[in-house]
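Asks: no sequence for this one, just the structure:
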């Protein structure tokens, strides 16, 4: 595994522990920053319809609608192993997200809601799963098309930002989700490359 990936994973783990301890001790350090950043974003965001469209691609059910036909196509093209690794990234990210959400049980920023959203806030499920999925696709495929490369890198960031623009997550939820998603994609990529040897 590359040193960069190990560094990001270590930072993600340390960041996660610090936040969880802060939440459990009821300190206001991160909450104050979260509130001011989210207030700024919400006061300067006006493309609500666009963000609703973007956030749709981070919904768990959307992955099934997209990746079932994609999986069938990949298996038909004899790329079934790659599809299994992408599916593994989705499942691992989802398991991590559900475990942390039900452990921390952070309340969503209800006062900022543009759309109704149930469940707990930390970490952002849209961020962790989209980062794990799209960045895994990018990292295990030898892509030639620059547009696809840029899209796969940027899209999880847009999905994460859409959650802030719609007022359903705190900034630390999204940042943590992206870091954890990157970590999942790093592990999956490492296992995939190792499996090819």
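Replies: Sure, I can see it. Being a predicted model, the structure only gives us computed values, none of them experimental.
Asks: elements contacting the helix-or-strand element of the chain with minimal mean pLDDT?
Replies: Within the chain, confidence by mean pLDDT, DSSP states H and E is lowest for helix 60-76 among all helices and strands, at a mean of 78. On a contact count with 3 or more CB pairs under 8 Å, 6 or more residues apart in numbering; DSSP states H and E, helix 60-76 meets helix 80-104, helix 125-140. Every C-beta, even on glycine, is put in place using the N, C-alpha and C of the backbone.
Asks: chain center to it, what's the gap?
Replies: 18 Å (CA atoms, centre = their mean, to the nearest Å).
Asks: Show me which residues of that helix are buried.
Replies: For helix 60-76, a neighbour-count test (16 or more other CB atoms under 10 Å) marks 63, 67, 71, 74 as buried.
Asks: how far off helix 80-104 does that helix point, in degrees?
Replies: Relative orientation of helix 60-76 versus helix 80-104 (axes from the mean of the first three to the mean of the last three CA atoms, to 10 degrees): 160 degrees.
Asks: Name the surrounding residues that touch helix 60-76.
Replies: Residues outside helix 60-76 that contact it (CB atoms under 8 Å, 6 or more residues apart in numbering): 56, 57, 80, 82, 83, 86, 87, 90, 94, 125, 129, 133.
Asks: if we go to 10 Å?
Replies: Contacts of helix 60-76 with the rest of the structure, by CB atoms under 10 Å, 6 or more residues apart in numbering, involve 55-57, 59, 79-84, 86-87, 90, 94, 97, 125-126, 129-130, 133, 137.
Asks: what would the helices and strands packed on helix 60-76 look like in CSV with distance to residue 193?
Replies: Shown next, in CSV, are those (distance: least, CB to CB, whole Å):
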stretch, distance to residue 193
helix 80-104, 10
helix 125-140, 8
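Asks: for this structure, which spans come out with low pLDDT?
Replies: Low-confidence segments of the chain, defined by pLDDT under 70: 196-197.
Asks: let's see 80
Replies: 27-28, 60-61, 63-64, 66-68, 70-71, 73-80, 196-197 (pLDDT under 80).
Asks: what two of the buried residues of helix 60-76 have the greatest distance between them?
Replies: Between any two of these, the greatest separation by CB to CB is 14.3 Å, found for 63 and 74.
Asks: related to what we said a few turns ago, any idea which of the buried residues of helix 60-76 is closest to residue 104?
Replies: The closest of those, once distances to residue 104 are taken by CB to CB, is residue 63, at 23.3 Å.
Asks: hmm, which of the contacts of helix 60-76 are the buried ones?
Replies: With neighbours counted by 16+ other CB under 10 Å, those contain buried members at 55, 57, 82-83, 86-87, 90, 94, 97, 125-126, 129-130, 133, 137.
Asks: Okay, residue 194 and residue 26: tell me how far apart.
Replies: Computed as CB to CB, to the nearest Å, the residue 194 to residue 26 distance reads 43 Å.
Asks: and residue 141, what is it in contact with?
Replies: Contacts of residue 141 (CB under 10 Å, 6+ apart): 79, 82, 86, 148, 149, 152.
Asks: ok, now residue 86?
Replies: Residue 86 is in contact with 63, 67, 70-71, 74, 79, 132-134, 136-137, 140-141, 185, 188, 192, counting by CB under 10 Å, 6+ apart.
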